[in-house]
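Student: sequence? don't have it. structure:
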């Protein structure tokens, strides 16, 4: 079992839908949680990061962390075709090198 | 452009040849990371530098791989005697480092390696 599990999709939704992307993890030492967006043949771009449990909102994006369930989510409101990309979750623990462990990414397609 | 820069963007080589990639991090960042990403997978950590010191290497980094960061600025990743299994996207990232809050990594666009 991988440390970070993420459904690869693809997830196809109509424009304007609310999108829910999720990751589960097994390492209870993870404290820092990130979401990256990656367009085809481009490098990952940081969308949001959160520390420990709770919610964080930034425009149309909301990140949630539930450490008790080892489950994190990214919600996208009013999804747009330009949101079509692969979304990668990543997480790291405190102490040491803070090297993040990435999920495999979920491919999102928002169709007009 | 003040982001992470990688060169070349795409490299095609024949099996057995050596290749070298370059990464220029964000100028004020002291940490630099190399990752490998294959199709349908997330980035996998290879190695990282704090300034010019190479502090950690993944078991994925075989003896054919070597990375340098002279003077703590740009970095190079060399693969010797390339194999078809080396075909992947090689990503570079940089960060301020040291504290969890400051270790958010910013990625370059990557170098796509194709080994024929």
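Tutor: Received, thanks. Bear in mind that the values here come from a model prediction, so they are computed numbers and not experimental data. Numbers count the residues shown, from 1 in each chain, chains lettered A, B, ... in the order given.

Student: what bridges to the residue sitting nearest the centre point of chain B?
Tutor: In chain B, the centroid-proximal residue (Cα atoms, centre = their mean) is residue B:34; its distance is 2.9 Å. In this entry, residue B:34 is beta-bridged to residue B:47, residue B:92, by DSSP bridges.

Student: Residue A:106 too?
Tutor: Beta-bridge partners of residue A:106, as defined by DSSP bridges: residue A:87.

Student: For residue B:81, see how far away it is.
Tutor: 36 Å (Cβ to Cβ, to the nearest Å). All C-beta atoms are positioned from the backbone trio N, CA, C, and that covers glycine.

Student: What of residue A:28?
Tutor: Applying Cβ to Cβ to residue A:28 and residue B:81 gives a distance of 41 Å.

Student: didn't residue B:75 look like it was pressed against residue B:53?
Tutor: No. Assessed by Cβ atoms under 8 Å, residue B:75 is found out of contact with residue B:53, at 11.9 Å.

Student: what's residue A:102 in contact with, if anything?
Tutor: A:4, A:36, A:88-90, B:42-44 (Cβ atoms under 8 Å, 6 or more residues apart in numbering or on different chains).

Student: Tell me which of those fall in strands.
Tutor: Residues of the contacts of residue A:102 located in strands (DSSP state E): A:4, A:36, A:88-90, B:44.

Student: okay if I get those residues as CSV plus pLDDT and neighbour count?
Tutor: Shown next, in CSV, are those (pLDDT from 0 to 100; neighbours: other Cβ atoms under 10 Å in any protein chain shown):
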residue, pLDDT, neighbour count
A:4, 95, 22
A:36, 96, 25
A:88, 97, 28
A:89, 97, 28
A:90, 94, 26
B:44, 95, 15
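
Student: any chance of the residues you listed in a markdown table, plus distance to residue B:66?
Tutor: Below are the ones in strands among the contacts of residue A:102 laid out as a markdown table (distance: Cβ to Cβ, whole Å):
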| residue | distance to residue B:66 |
| --- | --- |
| A:4 | 28 |
| A:36 | 27 |
| A:88 | 27 |
| A:89 | 31 |
| A:90 | 26 |
| B:44 | 17 |
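
Student: which residues of chain B fall in strands?
Tutor: For chain B, the strands defined by DSSP E occupy B:5-7, B:10-13, B:19-24, B:31-37, B:44-50, B:53-57, B:65-68, B:75-79, B:88-95, B:106-107, B:111-115.

Student: do the same with chain A
Tutor: A:4-5, A:11-14, A:19-25, A:30-38, A:45-51, A:54-58, A:61-66, A:71-76, A:85-93, A:101-102, A:106-111.

Student: could these go into TSV alongside distance to residue B:70?
Tutor: As requested, the strands of chain A are exported to TSV (distance: least, Cβ to Cβ, whole Å):
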stretch	distance to residue B:70
strand A:4-5	34
strand A:11-14	44
strand A:19-25	37
strand A:30-38	29
strand A:45-51	27
strand A:54-58	38
strand A:61-66	38
strand A:71-76	38
strand A:85-93	27
strand A:101-102	28
strand A:106-111	38
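
Student: List the residues that contact residue 77.
Tutor: The chain I'm using is chain A. Applying Cβ under 8 Å, 6+ apart, the residues near residue A:77 are A:18, A:60-62.

Student: should've been chain B
Tutor: Contacts of residue B:77 by Cβ under 8 Å, 6+ apart are B:20-21, B:23, B:34, B:46, B:65-67, B:90, B:92.
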